[in-house]
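Peer 1: Need the 3D shape of this:
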Amino acid sequence: MTGGLKDGDTEEEFLHSPFIRKQGNIYKPNNKDMDNESLNEKTMEDVHTKEIDLVNRDPKHINDDVVKVDFEDVIAEPAGTYSFDGVWKASFTTFTVTKYWCYRLLTALVGIPLALIWGIFFAILSFIHIWAVVPCVKSYLIEIHCISRVYSIAVHTFCDPLFEAMGKCFSSIRIRTTKEV
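Peer 2: Coordinates of the predicted model:
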């Protein structure tokens, strides 16, 4: 059952070790080196427990051109029509603080339910894509391959000779254009 006992190994110790043969691990037939590091598989990172970045919350920059609205993007006074400096500073502070706290309040109240809804939506979308769309497309491609072969044979059998004959007939036609004065 095993590849044999090594010197100094007892029968009980060897029963619990991985099956190793001279050609390599049976799960990795091309692996000739059988040290402890080669038996350890590369661990996959679990997407459900990965750490999130609390500083850069848009690492893929999907909202760069959409929601970056600052005070200067909304309210601007042209030269010559300035309000009082205090009013301008208070307006800036009011706009910025109101936008900040309204966003925080809305995300606190609506963010988690919407995350739940979007999570369900994308789970359903992934499920439909994996279990319905891709198999249907693959099935269609397999079925259409047979039809395309028949169609190709029909075109080469009937249309190619017809168009070849028409090409030979019309190849002797010469058109000459002249300008009349």
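
Peer 1: residue ranges of the helices in the protein, please?
Peer 2: With DSSP state H, the ranges of helices along the chain come out as 11-15, 36-39, 71-74, 85-106, 112-128, 134-154, 160-170.

Peer 1: of the ones you listed, which approaches residue 56 most closely?
Peer 2: Nearest to residue 56, of all those, is helix 85-106, at 17.4 Å by Cβ to Cβ. Any C-beta I mention is one placed from the backbone N, CA and C, and that applies to glycine too.

Peer 1: so how far is the closest one from its chain's centroid?
Peer 2: Relative to its chain's centre, helix 85-106 lies at 38 Å (Cα atoms, centre = their mean, to the nearest Å).

Peer 1: could the helices of the chain go into TSV alongside distance to residue 52?
Peer 2: Below are the helices of the chain laid out as TSV (distance: least, Cβ to Cβ, whole Å):
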stretch	distance to residue 52
helix 11-15	44
helix 36-39	31
helix 71-74	28
helix 85-106	17
helix 112-128	13
helix 134-154	30
helix 160-170	62
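
Peer 1: any chance of those helices in CSV, plus mean neighbour count?
Peer 2: Putting the helices of the chain into CSV (neighbours: other Cβ atoms under 10 Å) gives the following:
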stretch, mean neighbour count
helix 11-15, 10
helix 36-39, 10
helix 71-74, 10
helix 85-106, 11
helix 112-128, 10
helix 134-154, 10
helix 160-170, 10
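
Peer 1: Among the ones you listed, which comes closest to residue 57?
Peer 2: Closest to residue 57 of the helices of the chain is helix 85-106 (Cβ to Cβ; 12.3 Å).

Peer 1: Report the mean per-residue pLDDT for that closest one.
Peer 2: Here helix 85-106 scores 94 as its mean pLDDT.

Peer 1: That one - contacts with which helices or strands?
Peer 2: Helices and strands touching helix 85-106, by 3 or more Cβ pairs under 8 Å, 6 or more residues apart in numbering; DSSP states H and E, are helix 71-74.
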